[in-house]
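Colleague: Attaching a predicted model along with its sequence, questions to come.
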Amino acid sequence: ALVLSGTGAVHYPITGTGWFISPAQAGEFNTTLPIPPLLENLDKSGRNASFSLDVQQGQMEFFPGKQTTTLGYNGNFLGPTIRVRNKQQFRIQVKNHLSQVTTLHWHGLHVPAKWDGGPRQPIPAGSSWNPNFTINQQAATLWYHPHAMGLTGKQVYHGLAGLFIIEDELSDQLNIPKEYGVNDIPLIFQDRRFFNNGEFAYVQSMHDVMNGVIGNSLLVNGARKPFLNVPAGLVRFRLLNGSNSSIYRLAFDDQRVFHVIASDGGFLEQPTAMNSIILSAGERAEILVDFADESNYAVISLLVDQMGGGKFEALRIGVKGSGERAAIPQTLRTLDRIPESEATAVRGFLMETMSMGRGRMGMGMMGRRLTINGKKMDINRIDEKIKLGSTEIWEITNRSAMMMSMPHSMHLHDVQFQILSRNGRRPAPHERGRKDTVLIMPGETVRIISRFHDYTGVYMYHCHLLEHEDDGMMGQFEVVS
Ligand code: C2O
Ligand code: CU
Ligand code: CU
């Protein structure tokens, strides 16, 4: 049975036995890529968005003949894609069928604080939570996942995550692929580690807490080594790094160029040509890939290179037929840039691994702590107070110390920010749009700017390496009127 007990601390459960399953085992690209189904709108008129989600335990067979105990929304692993439109009234009933607390957080959503679904909105075992608010945001690929104190990493690892797509007039108008599951394909990347008996091998040691749990198998939409057939022509992929702590570089095996059209918070001003893209835990990107130049049936592989870990052939893509060369739009939109002069405050955030005392603890793993501004998360402490309607610059530094440097992925709830600079330099074109999560490498200072508008209340900011978050690399900001 699944041991998921307690809150507020990282646990070291033994959920399986034996060595970890090696990635070389069984099942070579013979399963079709699962596409998370669109969640049915219970409002048949379609005017409002009304949904229901069941948080439940399940079972999967990632390796032939071996059962893995999992968690899922309305299913065994991961959850359906929730698709809404800007300005829609959104209602959902979330029923927690687990024997422990969970929450449901809308990652990237501009949302009233009481419906944010962070650690302050627990859904106790056996109960329901019924958010009801208006979607107030432009088209974007967001996602949802649990966020209970000390349990986020473990619950996400076991399968709790899904996509949350917002559409609007702009996304309707743009001449880009938009047939969900056909030429508009969601891809959720997650690495996992398994015990020999098939169970997930989650946090096993303090090393896993400090470095994050790095897996040696890669799942795409919950499948190992899947295969996908696409029509020739232009295909849009919505990429989510849904891993707990890995940073991925994604590329195609033939190094083909693709065009990035959206970042975390929606469309860029214009498509950006790249042949690989880095996504840290929690980040998304939408890309257009031109498969029109395949004269015959062709197989292209999508590769994932895990920083500090393995290289995976994540997905094989078969292209059927020969299509017309598709046109990539020249411009997507005009972006409203927040001027630096609008900011009324500059705040500094130091993400740091500190060593605690020399004495008995020495410099070992147990003597280290992950902090933001020297503090660990305390739900009874408000770390930053921000005036409603104001604009602020946040300077986030990842201080590297010898033997203790690691990347972090800073995420803010409620807002979509813009990156002003990375170590004083203008960010790369694909990072010039709206963002809610940003990779910060050791020794880097990233300056971001954001408006804090519409809603008052308490929200989180934290490292999105989930083992870091659960260990307390998180703080709270309150928007006050
Ligand atoms: Cu994706 Cu605070 O989380
Ligand atoms: Cu979030
Ligand atoms: Cu971190």
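Modeller: Arrived safely. Ligands and ions are numbered 1, 2, ... in the order given.

Colleague: burial of the closest residue to ligand 2 within the stretch 301-450 of the chain, as a residue count?
Modeller: Per CB to the ion, the residue of the stretch 301-450 of the chain with the smallest distance to ligand 2 is His413, at 4.7 Å. (Each C-beta comes from the backbone N, C-alpha and C, glycine too.) By the measure other CB atoms under 10 Å, the count of residues near His413 is 24.

Colleague: and if you look at Met474?
Modeller: Neighbourhood size, Met474 [other CB under 10 Å]: 27.

Colleague: Next up, the contacts around it.
Modeller: 372, 377, 460-463 (CB atoms under 8 Å, 6 or more residues apart in numbering).

Colleague: what are the bridge partners for it, then?
Modeller: His462 (DSSP bridges).

Colleague: so His468 is in which element?
Modeller: His468 belongs to helix 466-470 when elements are defined using DSSP states H and E.

Colleague: longest strand in the chain, by residue count?
Modeller: strand 49-63 (DSSP state E).

Colleague: What helices and strands are in contact with the next helix or strand after that one?
Modeller: Reading on from strand 49-63 to the C-terminus, the next helix or strand found by DSSP H and E is strand 66-73. Applying 3 or more CB pairs under 8 Å, 6 or more residues apart in numbering; DSSP states H and E, one finds that strand 66-73 contacts strand 49-63.

Colleague: Adjacent strands (with direction) for the strand it packs on?
Modeller: strand 66-73 (antiparallel), strand 89-96 (parallel).

Colleague: So for that strand, mean pLDDT?
Modeller: Strand 49-63 carries an average pLDDT of 97.

Colleague: any idea how far that strand is from the chain center?
Modeller: Relative to its chain's centre, strand 49-63 lies at 18 Å (CA atoms, centre = their mean, to the nearest Å).

Colleague: And for stretch 137-153?
Modeller: 7 Å.

Colleague: wait, does that stretch contact ligand 1?
Modeller: Yes. Residues of stretch 137-153 contacting ligand 1 under CB under 6 Å from any ligand atom: 145, 147.

Colleague: CA atoms of that stretch as CSV?
Modeller: Output in CSV follows, covering the C-alpha atoms of stretch 137-153 (Å, rounded to 0.1, in the frame of the first residue of the first chain):
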residue,chain,number,x,y,z
GLN,A,137,-6.1,35.7,-18.3
GLN,A,138,-4.9,35.4,-21.9
ALA,A,139,-4.4,32.1,-23.8
ALA,A,140,-1.6,30.0,-22.2
THR,A,141,-0.6,26.4,-21.4
LEU,A,142,-0.7,26.2,-17.6
TRP,A,143,-0.9,23.1,-15.4
TYR,A,144,-2.4,21.8,-12.1
HIS,A,145,-0.9,19.8,-9.4
PRO,A,146,-1.1,19.2,-5.6
HIS,A,147,0.7,21.5,-3.2
ALA,A,148,0.1,20.3,0.4
MET,A,149,2.8,21.2,2.8
GLY,A,150,5.7,18.7,2.6
LEU,A,151,3.8,16.4,0.3
THR,A,152,4.0,18.1,-3.1
GLY,A,153,6.9,16.1,-4.4
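
Colleague: For the closest residue to ligand 2 within the chain, give me its contacts.
Modeller: Residue nearest to ligand 2 within the chain: His107 (3.8 Å; CB to the ion). Shown in contact with His107 (CB under 8 Å, 6+ apart): 142-145, 164, 282, 411, 436-437.

Colleague: Next, find the distance separating whatever residue of the chain ends up closest to ligand 1 from ligand 3.
Modeller: Closest contact between the chain and ligand 1, by CB to the nearest ligand atom, is at His107 (3.5 Å). Using CB to the ion, to the nearest Å, His107 is found at 16 Å from ligand 3.

Colleague: quick one, phi/psi of that residue?
Modeller: Backbone torsions of His107, given as degrees, to the nearest 10, read phi -70, psi 120.

Colleague: and it, what pLDDT?
Modeller: Looking at His107, the pLDDT reads 99.

Colleague: what is it paired to in the beta sheet?
Modeller: Trp143.

Colleague: which residues are contacting the host helix or strand of Leu239?
Modeller: Leu239 is located in strand 234-241, with elements delineated by DSSP H and E. For strand 234-241, contacts defined as CB under 8 Å, 6+ apart pick out 141, 143, 163, 165, 176-178, 183-189, 247-248, 250, 261, 277, 279-292, 326-328.

Colleague: and those, which are buried?
Modeller: The neighbour count (16 or more other CB atoms under 10 Å) marks 141, 143, 163, 165, 176-177, 183-189, 247-248, 250, 261, 277, 279-292, 326, 328 as buried among those.

Colleague: remind me which residues of the stretch 301-450 of the chain are low pLDDT?
Modeller: 322-324, 356-367, 402-403 (pLDDT under 70).

Colleague: how about the residues of it that lie near ligand 1?
Modeller: 411, 413.

Colleague: how about a cut-off of 8 Å?
Modeller: Residues of the stretch 301-450 of the chain lying close to ligand 1 (CB under 8 Å from any ligand atom) are 411, 413, 437.

Colleague: residues in contact with the second one?
Modeller: I take that to be His413. Contacts of His413 (CB under 8 Å, 6+ apart): 105, 116, 118, 436, 459-461.

Colleague: What about the residues you listed, which are in strands?
Modeller: 105, 459-461.

Colleague: So among the residues you listed, which ones count as buried?
Modeller: Among the ones in strands among the contacts of His413, those classed as buried by 16+ other CB under 10 Å are 105, 459-461.

Colleague: Just give me the closest of those to ligand 3.
Modeller: Proximity of these to ligand 3 (CB to the ion) peaks at Tyr461, which lies at 12.0 Å.
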